[in-house]
Structures are given as C-alpha cells and as structure tokens.
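Trainee: Turn this into a model:
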Amino acid sequence: MRCSKVRSLLTSYLDSELEERRSAEVREHVDACDACRAELAALRSVTSTLGEWAEVEPRLGFDALLARVDRRAAAKPRFELPALPVPRWAAAMLAVASVAGGVLLGTIGTGSTSVGSNKPPSAQQVAVAMDVQPHDLVEASLAYSLGGGLQGSASERGAQ
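Mentor: Modelled structure (predicted):
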C-alpha cells in the first residue's frame with residue numbers, strides 16, 4: 001500500500017473504523033515505513049491533547065440570547081400584498097391581457113408569424129449597425145494576427 005493511501009486512512013485506523021483486512025494492511029505499512037509511523041504518532045498526540053481539554057459550557061445568558069433572537073425573528077412583519085383598488089380577478093385578467101398583447105405585438109412587429117424563421121444578421125448588417133467600415137475590419141484583423149492575438153499586455157501591443 002502506498003504512503004498517500006495509508007495517510008488518508010490513518011484517522012479511520014485510529015478510530016477503529018476500518019475493516020480488519022484494511023486495518024492489518026495499514027498496520028503492516030506503518031510498521032515498515034518511518035514517515036507514516038511518524039504521521040501516526042503525530043495524530044495520536046493530537047488526539048490525546050484534544051481528549052485532555054475540558055468541555056466548555058455556554059456562558060451565562062446564552063439561552064437568553066437565543067430566546068431574544070427567536071423573538072426578533074417572530075416579531076418581523078410578514079410581507080403581505082397591499083389591498084388592490086380593483087378585484088383580484090380583474091387584476092389577473094389585466095395581466096393576462098398585457099402578456100398576450102406583448103406576444104401579439106412581438107410577432108406582428110417582426111413581420112413573421114413563426115418563431116424559428118428569424119435569421120441572424122449577416123456580417124455586413126452587423127458592420128453597418130456598428131458603423132464599422134470594411135477597412136477597419138481588415139486593419140483590426142491584421143493588427144490582431146501580427147500582434148500575436150491577445151497575448152501580452154496593452155502597453156506591449158501599443159508599442160508594436
């Protein structure tokens with residue numbers, strides 16, 4: 001068994017959580033390996049030191065603090081919808097009509113009734129929309145390819 005595997009099992013070995021076969025493998029390795037034996041000794045030392053510490057009881061007033069936190073949480077006002085000046089069914093109908101109108105205007109505004117028929121804009125349409133001239137695209141492409149792409153800092157690219 002390798003040291004890395006044994007070290008991952010040492011705490012389980014100390015707590016007697018391993019199967020008998022696995023425990024015997026760890027024991028054999030620790031007997032033969034000085035580094036793992038030292039690691040096991042360090043873990044035993046930590047465990048015994050932790051066992052010597054006394055349990056700490058909560059300070060006086062801890063229960064009162066928890067009760068005060070619970071009271072504050074219970075006292076917070078709940079969110080409630082304000083009273084509407086119209087009946088709720090009318091507000092729901094207005095919301096449905098608004099959504100339906102938006103969908104209708106969206107399909108009429110595009111000039112197409114099917115959702116999947118919208119084609120993405122061409123490169124020329126994008127360039128016109130961005131007010132980019134063809135020579136700007138060629139210049140940017142050359143600068144990118146000659147400058148090594150986006151590698152290097154902005155000051156290095158400006159110096160080239």
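
Trainee: After the strand or helix carrying Ala41, heading C-terminal, what element do we hit next?
Mentor: Applying DSSP states H and E as the criterion places Ala41 in helix 34-52. Using DSSP H and E, the helix or strand that follows helix 34-52 towards the C-terminus is helix 62-75.

Trainee: Give the next helix or strand downstream of that next one.
Mentor: Where DSSP H and E defines the elements, the next helix or strand beyond helix 62-75 is helix 88-110.

Trainee: got the buried residues for the next helix or strand after that next one?
Mentor: Sequence-wise, the next helix or strand downstream of helix 88-110 (DSSP H and E) is helix 123-129. For helix 123-129, the buried set under the neighbour-count rule, 16 or more other CB atoms under 10 Å, is empty. C-beta here means a position set from N, CA and C on the backbone, and glycine is covered the same way.

Trainee: now stretch 82-101
Mentor: Buried residues in stretch 82-101 (16+ other CB under 10 Å): none.

Trainee: Let me see the mean pLDDT of that stretch.
Mentor: The average pLDDT for stretch 82-101 rounds to 85.

Trainee: mind saving the C-alpha coords of that stretch as CSV?
Mentor: The C-alpha atoms that make up stretch 82-101 are tabulated as CSV, following Å, rounded to 0.1, in the frame of the first residue of the first chain:
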residue,chain,number,x,y,z
PRO,A,82,-51.4,45.6,-0.4
ALA,A,83,-55.1,45.8,-1.0
LEU,A,84,-55.8,46.4,-4.7
PRO,A,85,-58.3,49.1,-5.8
VAL,A,86,-59.8,46.5,-8.2
PRO,A,87,-60.9,42.9,-7.6
ARG,A,88,-58.1,40.3,-7.8
TRP,A,89,-59.8,38.6,-10.8
ALA,A,90,-59.7,41.9,-12.7
ALA,A,91,-56.0,42.4,-12.0
ALA,A,92,-55.3,38.9,-13.2
MET,A,93,-57.2,39.5,-16.4
LEU,A,94,-55.3,42.7,-17.0
ALA,A,95,-52.0,40.9,-16.5
VAL,A,96,-53.0,38.1,-18.9
ALA,A,97,-54.2,40.7,-21.5
SER,A,98,-50.9,42.6,-21.2
VAL,A,99,-48.8,39.5,-21.8
ALA,A,100,-51.0,38.4,-24.7
GLY,A,101,-50.8,41.9,-26.2
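
Trainee: Perfect, that will be all.
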